[in-house]
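**Q** Here's my sequence, what's the structure:
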Amino acid sequence: MSGFVEKPEPLQVPGLVHLHTGKVRELYQNEAGDLVMVASDRISAFDWVLPTEIPDKGSILTQLSLWWFDQLRDLIPNHVLSTELPEGAPADWAGRTLVCKSLQMVPVEAVARGYLTGSGLLEYNESRTVCGLALPEGLADGSELPAPIFTPATKAAVGEHDENVSYEEVARQVGADTAARLRQATLAVYSRGRDIARDRGIILADTKFEFGFDGDTLVIGDEVLTPDSSRFWPVDQWEPGRAQPSYDKQFVRDWLTSAESGWDRKSERPPPPLPQEVVDRTRAKYVEAYERLTGTSWS
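**A** Next up is the predicted model:
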């Protein structure tokens, strides 16, 4: 069992219809049919949405995504229509709310990997493949791949885990043309993001995107190249053969799996609240990633 430790009640706003509560975002629809995405400060780990929030996290994710959308504008259109608050929305939605074009979403997590780690490493150790793609011998945790690869996954519901699938399975599900366009767009966006991040002292190890169609046009949506959707590693601490320090929720994962937490992730018990030190250190990592990537201070 997993999911929300304490599922929040969505705020009701006149003129908006609540559609969905995700791990981080609340999704609404306005009277024009546009989507209104509100990024909360919720954080998830091990397929649980935890009871403790990370202050400013939703705003950081939103502002970083907007920055990246600007960097990617010449590669692919995005779904953002406006950052203005809908009429009647609470003031604390400011900075964490996007009004977006409603897309016909592709039911695939479009994952790009430039380095070997995570579920890719587990598969590699068993078969020297990732999502069925053959890789050379001699790679270790954190190794750079010969070239970035497209390793799609199914999109899981809250509390469930995405499952890696082969490119051929994606083509079967969404059609050969859409699969090819997904792969091309995913690798192009990853490569742009990798190069920009590396210039700022950060390795973009892997990342996932969500795409949808506006008519016949492929559009990137949701969030993009954030610590929630990507693995960011400091270049100056990169050392293949071990787990890498990262700009994400690693402090949360480490504490939850420590003896101090008293939690067994194999049990059906929900995880406990996070201590303040873990909250503060996690927030600091999100802020640092934002500041290093954008070159601007988080106020």
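
**Q** Could I get the phi/psi values of Val189?
**A** In terms of degrees, to the nearest 10, the main-chain angles of Val189 are phi -70, psi -40.

**Q** pretty sure it contacts Leu75?
**A** Yes: in this structure, Val189 sits in contact with Leu75. The criterion is C-beta atoms under 8 Å, and the distance is 6.0 Å. C-beta: built from backbone N, CA, C; applies to glycine.

**Q** Which one's more surrounded, those two?
**A** For Val189 versus Leu75, neighbours defined as other C-beta atoms under 10 Å are more numerous around Val189 (23 against 14).

**Q** Quick one: residues contacting that one.
**A** 72, 75-76, 112, 209, 220, 224-225 (C-beta atoms under 8 Å, 6 or more residues apart in numbering).

**Q** where does it land on pLDDT?
**A** The predicted structure scores Val189 at 98 on the pLDDT scale.

**Q** any idea how far Val36 is from it?
**A** Val189 sits 24 Å away from Val36 when distances are taken as C-beta to C-beta, to the nearest Å.

**Q** give me the low-pLDDT residue ranges for the stretch 51-200 of the chain?
**A** Residues of the stretch 51-200 of the chain that meet the criterion pLDDT under 70 lie in 156-161.

**Q** mind redoing it with 50?
**A** Within the stretch 51-200 of the chain, the ranges that satisfy pLDDT under 50 run 159.

**Q** which residues of it fall in strands?
**A** Applying DSSP state E, counting those that start in this stretch to the stretch 51-200 of the chain gives strands spanning 80-82, 97-100, 104-105, 110-115, 129-130, 133-134, 144-150.

**Q** right, and these - which one's nearest Ala91?
**A** Each of the strands of the stretch 51-200 of the chain was checked against Ala91 via C-beta to C-beta, and the shortest separation belongs to strand 97-100, namely 10.8 Å.

**Q** Which strand runs longest in the chain?
**A** strand 202-214 (DSSP state E).

**Q** list the buried ones in the following helix or strand past that strand?
**A** Sequence-wise, the next helix or strand downstream of strand 202-214 (DSSP states H and E) is strand 217-221. Of the residues in strand 217-221, 218-221 count as buried by neighbour count, 16 or more other C-beta atoms under 10 Å.

**Q** neighbouring contacts of strand 217-221?
**A** 69, 72, 76-79, 100-101, 103, 105, 181-182, 185, 189, 209-213.

**Q** Can you turn the buried part of the residues you listed into a ChimeraX selection?
**A** This is how ChimeraX selects the buried members of these, with burial counted by 16+ other C-beta under 10 Å:
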select :69,72,76,77,78,79,100,101,103,181,182,185,189,209,210,211,212
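
**Q** which stretches of the stretch 101-250 of the chain form helices?
**A** 118-127, 167-174, 176-199, 250-256 (DSSP state H, counting those that start in this stretch).

**Q** Quick check: which of these is nearest to Glu84?
**A** Proximity to Glu84 (C-beta to C-beta) singles out helix 176-199 among the helices of the stretch 101-250 of the chain, at 26.1 Å.

**Q** Next, the angle from that closest one to helix 167-174.
**A** Relative orientation of helix 176-199 with respect to helix 167-174: 120 degrees, computed using axes from the mean of the first three to the mean of the last three C-alpha atoms, to 10 degrees.

**Q** List the buried residues in helix 176-199.
**A** Applying a neighbour-count criterion of 16+ other C-beta under 10 Å, the buried positions in helix 176-199 are 178-179, 181-183, 185-187, 189-194, 196-197.

**Q** ok, now stretch 104-123?
**A** By neighbour count, and taking 16+ other C-beta under 10 Å as the criterion, the buried residues in stretch 104-123 are 106, 108-121, 123.

**Q** First-to-last residue distance for it?
**A** For stretch 104-123, the separation between the terminal residues is 31 Å (C-alpha to C-alpha, to the nearest Å).
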